[in-house]
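Enquirer: Show me how the following folds:
(2 chains)
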Amino acid sequence: MKKDKRILVIEDDSTYAALVERLLSSGGFGVKRVENMASARKLLEHGNFDAVLLDLFLPDSSGIKTFENVMPFIDRVPVIILTGTDDEQLALTLLQKGAQEYLIKQHVTSYMLIHMIRYSIERHRVMERLRESSVRDELTGLYNRRGFNFLSQQQINISKRNKKPLYVMVFDLDGLKRINDTFGHIEGDKVISDFARALKKTLRESDIIGRSGGDEFVALLTESKGPAARKVVSRLNKNLAGMRAAGERGATVSFSSGFAKYEPGKSRSLAEVFKKADKLMYEEKNRKNKVGKLSR
Amino acid sequence: LHKRKEEIIVYIDPAIKELIPEFLDNSREQASLMEKALEKKDFVTVKRIAHNFKGNGSGYGFDKITEKGREIESMVIGAEYEKISAKIKELKKYLEGVKYTV
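Expert: Below you'll find the predicted structure:
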C-alpha cells in the first residue's frame, strides 16, 4: 500500500489542533504537530513532509513574519496557511510570496481542507517540475544559463559572507562545427553530452556546472583550493580518454578552457571574472588555430 | 416552539463526534478565563481567546461560537468593557445550553 502523506501542522491552539489532527487522519494523512516556529523550523530542516499547515499567530512568531520564517522551505514543500484572520489583502500578499493556499479556520469545511491539501501537493509537484525544467539544459542535464546564473549568485553571496574565493572555469569544444557538418547533428549532440558527462565526473557534486551555449560550458568551483582547481583540465582530459578507451564515447574533440578566480571584496562582479576566463580560453583557441593553419 | 428547538441543536460531523464533549468543556473553561482576563483589563488575553473561539467554533460545527468570538475580538480594539462583558455572558449562556447531534 502507498505510504500515508505526512503533514506538519504548526498550530499553538490545542483545541483547533485536535480538530485538524482528527480530520487529517480520517482523510488518510499522517500528522505531526508542533506549537511554535522554533520547533517547526528544526523539523523542516530535517524532516520529510508532504505539506505544511501553518497558523499565522504563534507564541514566537506572528503575521507575515510567520510565513517568512518558513519561506526557505517552500521550494521543497507546499505551505498552506490555516488561520483565523480573515484578511484578503494579507492572503494575497502571502500567495504572492509563495503560499499555496490561504484558508480561514471559521470558513473551511473538513471536505475542503482535505481536498485543498491534496490539490496543493499536486500543484506544488507541477511547479517543481516546471522550475526544474526552466533551469536545466535538456540535452546534457546540466544547468542552463538561467539556472547557472541563479545558483552562482547564491554562491557569490555565501563567498562574500565567508570571505572564501571561488574559481570559475569556461570550456569550449574545438571544431564542433566540423563534426556537425561531417557527421550530422545527432553525432554533434552526442559529443556535447559526452563532454557534459566527463565534466560531471571530473568536478565535485558541490560544483555548479552549466551549458551556456551550443558548445560552451561553464563551471563554478565552490570548494576547491587554487592548486586543485588548476588540475581540473588534466583530470578532465584523463576522464575523456578513459571514456574513449571504454568505448563510451564516439567522435573525439579537444577543448579550450579558461580559468579565473573570484575574490570577495576584490573582484567587482562574477561577470567580470567570467570575462577574464573567457579571454584566456579564446587565447588558447587562437593559439591552436594558428598552429593548425601553420601545419596545414 | 419547533423553531427555538432548532436553534439550539447543532448538527455535528460524525467524524469528530467524540471530540465534542472535550471541546465544549474546554470552551466553557476558556470563556471563564476570558471573563477573568477582562476583569483585569488584560485585553491581549481577551483578544487571543476570542480569536481562538472564532477559529474553532465553526470548525467543530458551532457557528454561534465563531460569531461571538468574532464580535468580542472586534470589540477589543475599542476596549468596550461593558459590551465585551455582556457578550462573554451570552457566550457562556450558549455554552451551558447547547445541544448537539450527529
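Enquirer: Can you classify A:V52 by secondary structure?
Expert: Three-state call for A:V52 (DSSP: H, G, I helix; E, B strand; the rest coil): strand.
Enquirer: how close does it get to A:R146?
Expert: Note on A:V52: its distance to A:R146, by Cβ to Cβ, to the nearest Å, is 28 Å. Glycine gets a C-beta too; all of them are placed from N, C-alpha and C.
Enquirer: quick one, which of these two is more surrounded?
Expert: A:V52 (26 against 13; other Cβ atoms under 10 Å in any protein chain shown).
Enquirer: what sits opposite that one in the beta ladder?
Expert: Following DSSP bridges, A:V52 is listed with bridge partners A:L8, A:V79.
Enquirer: Settle this for me: it is touching A:E11, isn't it.
Expert: No - the pair A:V52 and A:E11 fails to qualify as a contact (Cβ atoms under 8 Å) at a distance of 10.8 Å.
Enquirer: Helix or strand: which one has A:V77?
Expert: Assignment of secondary structure by DSSP states H and E places A:V77 within no helix or strand.
Enquirer: In contact with the residue nearest to A:V70 when sequence neighbours are not counted, which residues?
Expert: Excluding the flanking residues, the one nearest A:V70 by Cβ to Cβ, 6 or more residues apart in numbering or on different chains is A:V79, at 5.6 Å. Contacts for A:V79 (Cβ atoms under 8 Å, 6 or more residues apart in numbering or on different chains) come out as A:A51, A:V52, A:L54, A:F67, A:V70, A:F73, A:G98, A:A99, A:Q100.
Enquirer: Out of those residues, which comes closest to B:I88?
Expert: For those, the residue nearest B:I88 by Cβ to Cβ is A:L54; the value is 29.4 Å.
Enquirer: isn't the closest one right next to A:E68, touching?
Expert: No - under the criterion of Cβ under 8 Å, A:L54 makes no contact with A:E68, lying 11.3 Å away.
Enquirer: So for those two, which sits in the more crowded spot?
Expert: It is A:L54, of A:L54 and A:E68, that has more neighbours when counted by other Cβ under 10 Å, with 25 against 12.
Enquirer: quick one: contacts for that one?
Expert: A:I10, A:T66, A:F67, A:V70, A:V79, A:I80, A:I81, A:L82, A:T83, A:A99.
Enquirer: Highest neighbour count among those?
Expert: A:I10 (28 neighbours).
Enquirer: give me phi/psi at that residue?
Expert: phi -110, psi 100 (degrees, to the nearest 10).
Enquirer: ok, it to chain B distance?
Expert: Plainly put, A:I10 is 14 Å away from chain B if you go by Cβ to the nearest Cβ, to the nearest Å.
Enquirer: quick one: that residue and A:L53 touch, right?
Expert: Yes - with contacts counted by Cβ under 8 Å, A:I10 reaches A:L53, the gap being 6.8 Å.
Enquirer: Give the closest residue to A:D174 in space, chain neighbours not counted.
Expert: A:D174's closest residue in space is A:S254 (Cβ to Cβ, 6+ apart), at 4.7 Å.
Enquirer: Which residues are in contact with the one you found?
Expert: By Cβ under 8 Å, 6+ apart, the neighbours of A:S254 are A:L173, A:D174, A:G175, A:K288.
Enquirer: give me the beta-bridge partners of the first one?
Expert: Taking DSSP bridges, one obtains A:F255 as the residues bridged to A:L173.
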